[in-house]
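**Student:** can't give you the sequence, but here's the structure:
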Ligand SMILES: [Cu+2]
């Protein structure tokens with residue numbers, strides 16, 4: 001009986017711990033106006049899955065494509081539009097840097113060659129959470145993250 005109550009107490013404390021950590025903690029990172037993002041090795045993944053920017057501010061973003069194999073880009077979209085933009089990007093093709101003509105595209109770098117980088121400036125959208133993806137053919141399903149503006 002003593003063991004059971006000990007077990008329950010442990011369970012309760014674990015559960016409380018989980019409750020506290022629930023959700024994305026956006027308070028930890030202060031919003032930035034200078035952002036740098038790279039690629040995770042030779043994978044189809046960015047090295048950061050979240051970026052935090054100051055809402056409405058002029059943002060400078062440098063995308064470093066450290067891959068030695070794959071070209072990548074960084075494309076910011078309206079919430080919920082990342083798959084649409086990604087699919088249209090495939091159709092747009094490399095001639096258009098995989099950037100579709102779609103108003104849901106808020107900002108984008110060029111298609112960055114291997115071991116190269118591109119720096120862009122753009123006005124951060126209003127406070128919210130905006131997906132960013134790589135639109136090189138098919139990458140968007142796995143190569144993505146969220147820009148938090150606040
Ligand atoms: Cu990519």
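**Tutor:** That came through fine. Just so you know, these numbers come straight off a predicted model, no measurement behind them.
**Student:** residues from the chain in reach of the ion?
**Tutor:** Within the chain, the positions lying close to the ion (CB under 5 Å from the ion) are 72, 134, 136, 139, 143. From N, CA and C alone the C-beta is placed, and that goes for glycine too.
**Student:** give the buried subset of these as a ChimeraX selection command.
**Tutor:** Of the residues of the chain next to the ion, the buried ones go into a single ChimeraX selection, burial set by 16 or more other CB atoms under 10 Å:
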select :72,134,136,139,143
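**Student:** just flag the most distant two among the residues of the chain next to the ion.
**Tutor:** Distance extremes for the residues of the chain next to the ion: the farthest pair is 136 and 143 at 7.9 Å, using CB to CB.
**Student:** residues shared between the contacts of these two?
**Tutor:** Shared contacts of residue 136 and residue 143 (CB atoms under 8 Å, 6 or more residues apart in numbering): residue 72.
**Student:** residue 70: what's it in contact with?
**Tutor:** 39, 42, 44, 114, 136, 139.
**Student:** try it again with 10 Å
**Tutor:** Applying CB atoms under 10 Å, 6 or more residues apart in numbering to residue 70 gives the contacts 39, 42, 43, 44, 112, 113, 114, 134, 136, 139, 143.
**Student:** that older thread, could you export the residues of the chain next to the ion as TSV, including secondary structure?
**Tutor:** Listed next are the residues of the chain next to the ion as TSV, based on DSSP: H, G, I helix; E, B strand; the rest coil:
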residue	secondary structure
72	strand
134	coil
136	coil
139	helix
143	coil
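**Student:** name whatever forms a beta bridge with residue 105.
**Tutor:** Beta-bridge pairing of residue 105 under DSSP bridges involves residue 77.
**Student:** burial count for it?
**Tutor:** Neighbourhood size, residue 105 [other CB atoms under 10 Å]: 18.
**Student:** quick one: pLDDT of it?
**Tutor:** Residue 105 is assigned 98 on the pLDDT scale.
**Student:** run through the residues that contact it.
**Tutor:** Residue 105 sits next to 75, 76, 77, 78, 81, 85, 88, 89, 99, 135 when contact means CB under 10 Å, 6+ apart.
**Student:** which of these fall in helices?
**Tutor:** Among the contacts of residue 105, DSSP state H puts 85, 88, 89 in helices.
**Student:** between the residues you listed, which has the most around it?
**Tutor:** These, ranked by neighbours (other CB under 10 Å): first place residue 89, 28 neighbours.
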